[in-house]
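> build me a model from this:
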Amino acid sequence: MKKELGFFKVGNDYGFNQDRFSNIMMKMGGCAAVTACDSFIYFKKHKYLESLYPYDADIISKEDYIAFSNIIKPYLHPRISGIDSLEIYINGVNAYLSDMGEKRLALSGFSGNESTDSARNFIVSQINGGYPIPCLTLRHSNPALKDFVWHWYLITGYEITDKTTMVKLVSYGEYIMFDLNTLWNTGYSHRGGLIKFKID
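So this is what the prediction gives:
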């Protein structure tokens, strides 16, 4: 069983590459804002939530994206400790939705302390429903995930076989397929989690 969302490119990048920010704070700590920007563009393009992105969602330029990130930045601004909880992310996005008068999109959190099976079911349900999934990983014991430590990124697909569940991780304008069991079991008690989007 396999499903991937139809996503978008900014230039040659899959989504937006955080390294392309000129602002040093956004380059270092703008990962949460990038997942929100990417999600809002996706929702305008595929779910017709026009209010979420003020530019052309069919042709996404680097200049438009950066201008949009400056709109989102006050709601999910980089900070010393990072946006290190689902609650901070949800509160920031909800404030933006309120200011845009958008009442159809709702957010909730899915704790990183839930079981791997529960996470698999959540991811399958969200992707099947056509929703990208912002994901927060705090610490991780696996060196293969060093670029995903204390970092927000998106999950935009999955592939389930008899032996494993692979999920599509999107970050820095690229994606990789990675084993969910390894991703989810960080080796630490303090965990991040996933964001659930729902359109009423």
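> check contacts around the residue lying closest to K196 once chain neighbours are set aside.
Nearest residue to K196, sequence neighbours excluded (C-beta to C-beta, 6 or more residues apart in numbering): S108, at 4.7 Å. Yep, even glycine has a C-beta here, placed from its N, CA and C like the rest. By C-beta atoms under 8 Å, 6 or more residues apart in numbering, S108 lies in contact with I90, I195, K196, K198.
> hmm, A57 is touching L49, no?
No: assessed by C-beta atoms under 8 Å, A57 is found out of contact with L49, at 10.0 Å.
> can you tell me the SS state at the residue of the chain most remote from its centre?
Here the chain reaches farthest from its C-alpha mean at D162, the gap being 27.0 Å by C-alpha atoms, centre = their mean. Following DSSP: H, G, I helix; E, B strand; the rest coil, D162 is assigned to coil.
> tell me the spacing between it and M1.
Taking C-beta to C-beta, to the nearest Å as the measure, D162 falls 11 Å from M1.
> what do you get for I127?
Distance from I127 to M1, by C-beta to C-beta: 11 Å.
> tell me the mean pLDDT for stretch 29-47?
Stretch 29-47 carries an average pLDDT of 97.
> same check, this time on stretch 114-124
98.
> need the residues that contact that stretch.
Contact with stretch 114-124 is made by 1, 3, 110, 133, 155, 158, 160, 165, 167, 180-181, 184-185, 193-194, 196, as judged by C-beta under 8 Å, 6+ apart.
> in helices, which of those residues appear?
Of those, the ones assigned to helices by DSSP state H are L180, N181, W184.
> ok, those residues vs N94, which is closest?
W184 (25.7 Å; C-beta to C-beta).
> what's the burial count for that closest one?
By other C-beta atoms under 10 Å, 23 other residues sit near W184.
> wait, it sits on G112?
Yes: applying C-beta under 8 Å, one finds W184 in contact with G112, separated by 7.4 Å.
> residues in contact with H140?
H140 touches K146, F148, V149, T186, G187, Y188, counting by C-beta under 8 Å, 6+ apart.
> how close does the closest residue to R79 other than its chain neighbours get to L76?
In this structure, R79 finds its nearest non-sequential neighbour in G29, 7.1 Å apart by C-beta to C-beta, 6+ apart. Taking C-beta to C-beta as the measure, G29 falls 10 Å from L76.
> ok, which stretches of this protein are helices?
Under DSSP H, the chain gives helices at 24-29, 31-47, 62-72, 86-100, 116-128, 180-184.
> what helices or strands is the last one leaning on?
Applying 3 or more C-beta pairs under 8 Å, 6 or more residues apart in numbering; DSSP states H and E, one finds that helix 180-184 contacts helix 116-128, strand 165-171.
> switch the contacts of S108 over to JSON lines; also include pLDDT and distance to L138.
Supplementary listing: the contacts of S108 in JSON lines, determined by pLDDT from 0 to 100; distance: C-beta to C-beta, whole Å:
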{"residue": "I90", "pLDDT": "98", "distance to L138": "16"}
{"residue": "I195", "pLDDT": "98", "distance to L138": "15"}
{"residue": "K196", "pLDDT": "98", "distance to L138": "19"}
{"residue": "K198", "pLDDT": "98", "distance to L138": "25"}
